[in-house]
Each structure stands twice: as structure tokens, then as C-alpha cells.
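# Sharing a model that was predicted from the sequence below.
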Amino acid sequence: MRLRSSRVVSAAFFLIPAAALLCSVAAQTTFAQSAADASDLAAHIQRVENGIPPISLGGDQPAIELNLPKLMELYKIPGLSIAVVDHFKIVWAKGYGVTEVGKDTPVTTRTLFQAGSISKPVTAAGALFLVEHEKLSLDEDVNRQLKSWKVPDNEFTKAQKVTLRRIQSHSAGLTVHGFPGYGVGAPVPTLVQVLNGEKPAITAPVRVDSVPGSKFNYSGGGVTIEQLLMTEVTGKPFPQLMQEIVLSRAGMTDSTFEQPLPPAKAALAASGTSGDGKVIPGRWHIYPEMAAAGLWTTPTDLAKFGIETALSRRGQSNEVLTWAMTREMLKPQIEQVGLGFFLGQGDNPAEFGHDGADEGFQASLIMLADTGQGVAIMANSDNGLALAGFLTESVAKEYGWKYKSGEHNSEILWLIASSRSAHAAMDEYSELKKSAHDIDQDTLLGVAYRLLSAGKSDDALQVFKLEVREYPNYWNAYDSLGEAYMKAGQKDLAILNYRKSIELKPDNQNGIEMLKRLRKH
């Protein structure tokens, strides 16, 4: 079974001249004022682009040298855009590559990308604006103000209710993790149809399946309730409402929640790209679940939103929210989750941010509230977040962040497999396992599935087999190997491995369904 991530082809570059960039990144952005400043800025950018450490291999093998264009090639990412924040100002922004595979339109700082789940904290800011203006309440039952649809009560809601605070902190006990979107030309459901799971909706109904307030459970379905609530208390379409209360106030001049995009903005948009480098049919998907996944934006605009939030936390800006409400937004509500944002911990206590993934697009926003440092990265690729992790570390090193990221062992293994061979990756896995703390039973699965998606079925099978040898009691090792055999047309071996996965985990519904399908054919 493929694992869900909770939480980046062309190397053509396009750097907007400072005079043109000034028009798109607001007056607070700083630019080089002299030849010396320009040279210093160029040096910063070059070090970020080339600051990704090489991958050292054992023996006499040469290291794998990495930089931004090389990673874009390996990950088959056609286009990427970045905005870097230092001392609460955007210090530079740059576009790389092209807006669509096979075409030559360059990515610029005004190219639009889908932000995926970064839509959620932007939406949260809008809902909190309505709280401050006494249109909504953070802590009352949302059913009191919902009109066209109500959260169905059940045994879980007898004592505790679904509230806006719990929705924004993913602790409302609601279902439906995320949304796949709808292909261009496909029927698009209303919001009520989405919440009820009624056709033409293609996702399950949004329901309460645990006691509200009892635990963290990420729910895009909950944020869709938030969208309905906001529109019903104001009587305004969601894109218009968000434009008025957040986007225009934060200076996000190139952003919109409109779904589908109007023609003028569609002309500025990148085309989504699958992990194997192919353009998404229709260029992108449409998301009626705008609050959860519908924002079209740029890294520059996301950086503006991050800066406004950080300055508001310091009491130095209140364009969207007051100091008190922003402090509440960035306060842990359950685990390290604020209202809309995920929060740092340990070495990164002042960090807030969010990742996003729509079909063919991935994005990342990270801000350090105490120092005013941050970065927004967007890519028109399902591999965008993988690259963004490396690029964020390079930015953090260049600008001296107080920041500690996670390790990239699974990504390192993938890069070895992609640029050398699956056998080289498996050899490196054996070495990493001796010392790495985050090598676990899912590390190899991520590599194997990426190989499978890239069409390297034989290599993927070898890695899946290694997974089974390394973790013989892990049900998902057999479930995944069964999937690989099924795709390779080896029916008997697929059945054998699915059976083993069910023996280890009798409630493995994926394995049960796959066995039924295989036996019918």
C-alpha cells in the first residue's frame, strides 16, 4: 500500500530584473542599490542554488554532485519559483525552468501555481478575521450558524461539538484527509454534495468519527465545513470574501481562490506535472474545496502572507489580524498545531508554516517569527516537496537560520537509485541503517514506489524484495510487493504476497480488495 506523505526537467533559468520585480513584490522588498549590492545579491543566489551537499558513496565511487538544476532534472520538475525572506523583507525572488513540459515559456515570479493545503492557513486567517469582527465564534458549535448543511450528530458529538477552533487545529474528529480535485471538463459538485459524499463528488462524506477535541486528525473535510460556514455568515462567494478580507489586505496581488481560473489568470498559470514528468490532463485539476486546496498564488505572495503574520505576532502590523489574534493563531492548540499553521518545536520554536500538494503541484512555506526569515517554494510537479526540502536547507544555511530540518535519507536513496542504480541505493541503505536514526520500515517503500511510478518496474521489485527481507513481519511490505507483482503481471506472486499481508494484518482492506480483484481475473 502506497504511503501518504504528511508533509520538489528543465534547467532553464529566468531571473526578473530588479526594476520589474519591484512591481510584483511590494514596496517592502529590498533590492540592490549599487553594483556592489547587486554582486552581493547574485552571490547569495548562486550559493543557494549550489549549496546542496553532494551524496558521498562508499569505496572509490565518485560522489553525486547536486545543485538546483541537477535536482530539477532528477526529479523531472519542469518549473520552480522561490521567494526568500530575511529580516521581515523579501530579499529576492526567482523563477526557474518552464511553465509546461515541452514548451519554452519561462517561469517568472508572477507565474501562478496551485498552493494545495497552504490554502488552509490563508483560509484560517480569513475565518479569524470574521471572529474578530464578531461574525464567527471560535468555540461554539458550528451547527448554530450553518444553514444549508449541518454536521450530522452521532455518539461522538454527544458531549463535545465541532467548533471552528477544532476545525482549524485538525482536532474536530472529522474525516476526509484531502481532496484529489476534478479534471477539467468533469462535473464539479457543490460544497454540500462534497460534504455529503453525493455524486458527482468523488470523496467520502465528511463525518465525525472520534470525539471532538480528543486527538489530532488531519481533515481537509473539516476545512470544507469552514468554507461553507464563512460563506453562509457573510453571504459572499468564497473567492470574493477571501480577496476582501485577506488577499488584498496582505498585498497578495497575484493570488486568487477562483476555481476554475478565469482566462486572464489561466494565461499566467503553470501546468501541473505528474511525478514521471507528464503534464496533467487539462493542465490542472479544479477544486470546489477552495478553503482546503483551492488557492492559486506565487511564492512572493505567500512570502507576503508569512511576513504579515510574523509582523502581526510582534505587534508591528494588523493588516489582517490583531496582535492578540495572531498570537492565538500561532499558539499550540493540540500537539504542535496552531490555527491553520503547523508550528515548530525543539530547535525551531518560533517556526510556523505549511506544505501543500494538489494534483501536479507542490509547495512549501516556512517562516521563523522571531527573526523574520523564511522561504516560499512552489513547483509544478508532484515531486516539488522533495526538492523543496533540500532547497530550504540551502537557504537556511546561507542566511544563518536558527533552523534544524529532518534528514533526507529516503530522498538520498531515491537520488542514488535515479542517478546510479537501484543496487547502489540498496548498498547505501545498508550503510545508512547502521547509523541513521530515521531509517525505518517505510524508508525503502518510498524509494520503491518512486521507481515504480518512474516506470522502472524491475528496479522497484528489487527494492520491494529487500523491504520484505528487512522487515519480514511488516504487513505493508507484503502488500506493496503484491502491488508491484500485480503491475508486473505476475498474478500468482501478487496473490501470495497479498495473502501474507492479510495474515499479518487481518483488517488490511486494500489487500482484501486486491485479492478479490485478482481472483476475478
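Arrived safely, thanks for sending.

# Could you use CA atoms for every contact and neighbour count after this?
Will do.

# In this structure Met367 contacts Val375, no?
Yes: at 6.7 Å, Met367 and Val375 qualify as touching, with contact defined as C-alpha atoms under 8 Å.

# What sits closest to Thr123 if chain neighbours are left out?
Distances taken as C-alpha to C-alpha, 6 or more residues apart in numbering place Ala291 nearest to Thr123, at 5.6 Å, with adjacent residues excluded.

# The one you found: which element?
Ala291 is part of helix 290-293, with elements assigned from DSSP states H and E.

# So which elements touch that helix?
Packing partners of helix 290-293 (3 or more C-alpha pairs under 8 Å, 6 or more residues apart in numbering; DSSP states H and E): helix 119-132, helix 220-234.

# again, only using 10 Å
Of the remaining helices and strands, those touching helix 290-293 by 3 or more C-alpha pairs under 10 Å, 6 or more residues apart in numbering; DSSP states H and E are helix 119-132, helix 220-234, helix 238-242, strand 351-358.

# Could you check how far the residue nearest the centre of the chain is from Leu385?
Among the residues of the chain, Gly356 comes closest to the average C-alpha position under C-alpha atoms, centre = their mean, at 2.1 Å. When distance is defined by C-alpha to C-alpha, to the nearest Å, Gly356 is 8 Å away from Leu385.

# shared neighbours of those two, anything?
When C-alpha atoms under 10 Å, 6 or more residues apart in numbering defines a contact, the residues bordering Gly356 and Leu385 alike are Arg7, Gln362, Ala363, Ser364, Met378.

# Wait, a helix at the last one?
So the one you mean is Met378. No: residue state for Met378 (DSSP: H, G, I helix; E, B strand; the rest coil) corresponds to strand; a helix is not indicated.

# can you give me the strands in this protein?
Counting by DSSP state E, the chain has these strands, from start to end: 13-14, 79-86, 89-97, 113-114, 182-183, 285-286, 296-297, 342-343, 351-358, 361-368, 373-379.

# Please produce TSV containing these, extended by mean pLDDT and distance to Val151.
Below are the strands of the chain laid out as TSV (pLDDT from 0 to 100; distance: least, C-alpha to C-alpha, whole Å):
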stretch	mean pLDDT	distance to Val151
strand 13-14	30	48
strand 79-86	98	39
strand 89-97	98	42
strand 113-114	98	29
strand 182-183	98	24
strand 285-286	98	25
strand 296-297	98	28
strand 342-343	96	25
strand 351-358	97	26
strand 361-368	98	30
strand 373-379	98	34
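
# any chance of those strands in TSV, plus distance to Lys404?
Below are the strands of the chain laid out as TSV (distance: least, C-alpha to C-alpha, whole Å):
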stretch	distance to Lys404
strand 13-14	29
strand 79-86	17
strand 89-97	22
strand 113-114	27
strand 182-183	37
strand 285-286	34
strand 296-297	27
strand 342-343	13
strand 351-358	10
strand 361-368	12
strand 373-379	13
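
# Ok, which of these comes nearest Ser39?
Each of the strands of the chain was scored for nearness to Ser39 using C-alpha to C-alpha, and the closest is strand 89-97 (13.0 Å).

# buried stuff in the closest one?
By neighbour count, with 16 or more other C-alpha atoms under 10 Å as the criterion, the buried positions of strand 89-97 are Lys89, Ile90, Val91, Trp92, Ala93, Lys94, Gly95, Tyr96, Gly97.

# Tally up the residues packed near the residue nearest to Met290 when sequence neighbours are not counted, please.
With C-alpha to C-alpha, 6+ apart as the measure, Phe257 is the residue that lies nearest to Met290, at 6.2 Å, once sequence neighbours are left out. Taking other C-alpha atoms under 10 Å as the criterion, the count of residues near Phe257 is 26.

# and the gap between Phe257 and Pro332?
When distance is defined by C-alpha to C-alpha, Phe257 is 27 Å away from Pro332.

# try Tyr471
Counting by C-alpha to C-alpha, the gap from Tyr471 to Pro332 is 36 Å.

# Also Ser117?
Taken as C-alpha to C-alpha, the spacing of Ser117 relative to Pro332 amounts to 19 Å.

# So for those two, which residue has more residues nearby?
Here Ser117 and Pro332 are compared on neighbour count by other C-alpha under 10 Å; more neighbours surround Ser117, at 28 against 17.

# Format the helices and strands packed on helix 290-293 as TSV; extra columns: distance to Gly400.
Below are these laid out as TSV (distance: least, C-alpha to C-alpha, whole Å):
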stretch	distance to Gly400
helix 119-132	26
helix 220-234	34
helix 238-242	34
strand 351-358	14
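
# For Ile286, find the nearest of those.
Ranking the helices and strands packed on helix 290-293 by proximity to Ile286 (C-alpha to C-alpha) places strand 351-358 first, at 9.5 Å.

# Now do the closest one against strand 361-368, angle only.
180 degrees (axes from the mean of the first three to the mean of the last three C-alpha atoms, to 10 degrees).

# Quick one: mean pLDDT for stretch 190-197?
Predicted confidence along stretch 190-197 averages 98 (mean pLDDT).

# same thing with stretch 408-421?
This predicted structure assigns stretch 408-421 an average pLDDT of 91.

# can you give me how far it is from the chain middle?
Distance of stretch 408-421 from the chain centroid (C-alpha atoms, centre = their mean, to the nearest Å) equals 21 Å.

# Pull that stretch out as CSV, backbone CA atoms only.
Extracted as CSV, the C-alpha positions of stretch 408-421 are listed here (Å, rounded to 0.1, in the frame of the first residue of the first chain):
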residue,chain,number,x,y,z
HIS,A,408,16.5,13.2,3.8
ASN,A,409,17.6,9.5,3.9
SER,A,410,14.7,8.3,1.7
GLU,A,411,15.3,11.1,-0.8
ILE,A,412,19.0,10.4,-0.8
LEU,A,413,18.4,6.7,-1.6
TRP,A,414,16.0,7.8,-4.4
LEU,A,415,18.6,10.1,-5.9
ILE,A,416,21.2,7.4,-5.8
ALA,A,417,18.7,5.0,-7.5
SER,A,418,17.8,7.5,-10.1
SER,A,419,21.2,8.8,-11.0
ARG,A,420,23.2,5.5,-10.5
SER,A,421,21.2,2.3,-9.9
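
# That stretch: which residues count as buried?
Neighbour counts over stretch 408-421 (16+ other C-alpha under 10 Å) mark Asn409, Ser410, Glu411, Ile412, Leu413, Trp414, Leu415, Ile416, Ala417, Ser418 as buried.

# Run through the stretch 401-521 of the chain and note the low-pLDDT ranges.
Under the criterion of pLDDT under 70, the regions of the stretch 401-521 of the chain flagged as low confidence span 437.

# which residues of the stretch 51-200 of the chain score low on pLDDT?
For the stretch 51-200 of the chain, no stretch has pLDDT under 70.

# what ranges do the helices span in it?
The residue ranges that make up the helices of the stretch 51-200 of the chain, judged by DSSP state H, counting those that start in this stretch, are 68-74, 119-132, 164-168, 191-196.

# Other residues contacting the first one?
Spelled out, that is helix 68-74. For helix 68-74, contacts defined as C-alpha under 10 Å, 6+ apart pick out 8-13, 46, 48-52, 65-66, 75-80, 96-97, 277, 379, 381, 383-384, 386-388, 390-391, 394, 414-415, 418-419.

# what do you get for the last one?
For helix 191-196, contacts defined as C-alpha under 10 Å, 6+ apart pick out 148-152, 176, 179, 188-190, 197-207, 221-222, 224-225, 227-228, 288-290.
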